[in-house]
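Trainee: Here is my input, please return the structure:
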Amino acid sequence: MTPEKLFTDFLEKKELKLTSQRRTILGQAMTVGGHFTADELLKHSKKEDRTISKATVYRTLSLLKEAKILEEQDFGNDRKYYERAVGHRHHDHFICVRCGKIIEFENGAIERLQDHEAKKQRFKVVYHSLKLFGFCNKCGS
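Mentor: Reported below is the predicted structural model:
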């Protein structure tokens, strides 16, 4: 199912419509690669539709998160970042504390260890997010 169809179905359940502004914001969120902020999404969206406001972007981001089309990430710099959840495999993050570079990675051994520990603790994991903070190869010493 396409992100637009998922969003349309989600909005209908909430008795909301897929307006042209929401469609533009969704389209931009799906085409912006990697991680992006609300301000970056606003900038890209305004290129398509100058009438889109910051408030509309924030409200739409909230709906896209609730619909599980986007995930919100907090990388510790007082800014929220967003990334695709639909069609994007689970991954974890390295974050450079100097330059802000974000590196995605997948590691099956880490996932198995987390599952093992959850089972041992009789804990049902609903979701998780692993973020490791340090220095990238350009900033590290």
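Trainee: Please point out which parts of stretch 88-106 sit buried.
Mentor: Counting neighbours by 16 or more other C-beta atoms under 10 Å, one finds that the buried residues in stretch 88-106 are 92-96, 102. The way it works is simple: take the backbone N, C-alpha and C, and place the C-beta from them, glycine included.
Trainee: and which of the residues you listed is nearest to residue 73?
Mentor: Set against residue 73, the nearest of those by C-beta to C-beta is residue 93 (7.2 Å).
Trainee: Report the contact partners of residue 110.
Mentor: Shown in contact with residue 110 (C-beta atoms under 8 Å, 6 or more residues apart in numbering): 92, 130.
Trainee: Check which helices and strands the helix or strand containing residue 59 sits against.
Mentor: Element membership of residue 59, judged by DSSP states H and E, is helix 54-66. For helix 54-66, the elements it packs on are helix 3-13, helix 20-31, helix 38-48, strand 70-74, strand 80-84, judged by 3 or more C-beta pairs under 8 Å, 6 or more residues apart in numbering; DSSP states H and E.
Trainee: export it as CSV, just CAs?
Mentor: The C-alpha trace of helix 54-66 is given here as CSV (Å, rounded to 0.1, in the frame of the first residue of the first chain):
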residue,chain,number,x,y,z
LYS,A,54,4.9,26.1,9.6
ALA,A,55,1.8,25.3,11.6
THR,A,56,0.4,23.1,8.8
VAL,A,57,3.7,21.3,8.6
TYR,A,58,3.7,20.6,12.3
ARG,A,59,0.1,19.4,12.3
THR,A,60,0.7,17.2,9.3
LEU,A,61,3.9,15.8,10.9
SER,A,62,1.9,14.9,13.9
LEU,A,63,-0.7,13.1,11.8
LEU,A,64,2.0,11.3,9.8
LYS,A,65,3.6,10.0,13.0
GLU,A,66,0.3,8.9,14.3
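Trainee: And the contacts of that helix?
Mentor: Counting by C-beta under 8 Å, 6+ apart, 7, 10-11, 14, 16, 21-22, 25-26, 29, 38-39, 41-42, 45, 70-72, 82 sit against helix 54-66.
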